[in-house]
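Student: sequence and predicted model, in that order:
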Amino acid sequence: MKKILVLCTGNSCRSQIAEGYLRYFAKGKAEIYSAGIETHGVNPKAIATMAADGIDISNHTSNNIDEYRTVDFDYVITVCDNAKENCPFFPSKAKKFHYNFPDPAKAKGTEEEIVAEFNRVRDLIKSYCHRFIKENLIQN
């Protein structure tokens, strides 16, 4: 079974959302992990925006990349430039992918505007994850 790691700065928003969608689209055909170069806890707004789309990530945990040093990943997806630039090297045959998604946790404005930004980023990540699974898992 393929192993996929999603990596972000704090493993609180973007990587958690991506983990949720990759699990959903992979339908049990891959083991999905997410981690950060730091751990910030799972953002409650990320949980809420995923719940609004029918995906429960409320039991996800914020994990540090060091926890997975011994896992031989097939794919590593970085979802922010900071993680791509600062990810510690770990030996792996993993094929690497990168997409710099905006950080919804940095959204400013009214509560409605912040929720709209979380939803917008969630939809970008959803589309990316759907395409990723189609191109890298389902066809292989």
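Tutor: Alright, I've got the coordinates. Numbers count the residues shown, from 1 in each chain.
Student: can you give me the helices in the chain?
Tutor: 14-26, 44-51, 81-86, 111-133 (DSSP state H).
Student: least confident of the ones you listed, on average?
Tutor: Ranked by mean pLDDT, the helices of the chain bottom out at helix 81-86, with a mean of 69.
Student: rounded mean pLDDT for stretch 98-105, please.
Tutor: Averaged across stretch 98-105, the pLDDT comes to 93.
Student: quick check: chain neighbours aside, which residue is closest to the residue most central in space within the chain?
Tutor: Centroid check for the chain by C-alpha atoms, centre = their mean gives Ser15 as the closest residue, at 2.2 Å. With C-beta to C-beta, 6 or more residues apart in numbering as the criterion, Ser15 has its nearest non-adjacent residue at 3.6 Å, and that residue is Cys8. All C-beta spots, glycine's among them, are computed from the backbone N, C-alpha and C.
Student: do Cys129 as well
Tutor: Tyr21 (3.7 Å).
Student: next: Ala52.
Tutor: Nearest to Ala52 is Asn119, by C-beta to C-beta, 6+ apart, at 7.2 Å.
Student: if I look at that neighbour, how far off is Pro104?
Tutor: From Asn119 across to Pro104, the span is 9 Å (C-beta to C-beta, to the nearest Å).
Student: of the two, which one has the most company?
Tutor: Each of Asn119 and Pro104 has its neighbours counted (other C-beta atoms under 10 Å); Pro104 has more, 24 against 16.
Student: quick one: contacts for the more buried one?
Tutor: Residues in contact with Pro104 (C-beta atoms under 8 Å, 6 or more residues apart in numbering) are Cys13, Arg14, Lys45, Ala46, Thr49, Ile114, Glu117, Phe118, Arg120, Val121, Arg122.
Student: could you check how far the residue lying farthest from the centre of the chain is from Ala52?
Tutor: The C-alpha centroid of the chain is most remote from Thr110, which lies 25.4 Å away (C-alpha atoms, centre = their mean). With distances taken as C-beta to C-beta, Thr110 is found 17 Å from Ala52.
Student: excluding its backbone neighbours, what's nearest Asp74?
Tutor: Excluding its sequence neighbours, the residue lying closest to Asp74 (C-beta to C-beta, 6+ apart) is Lys2, at 4.5 Å.
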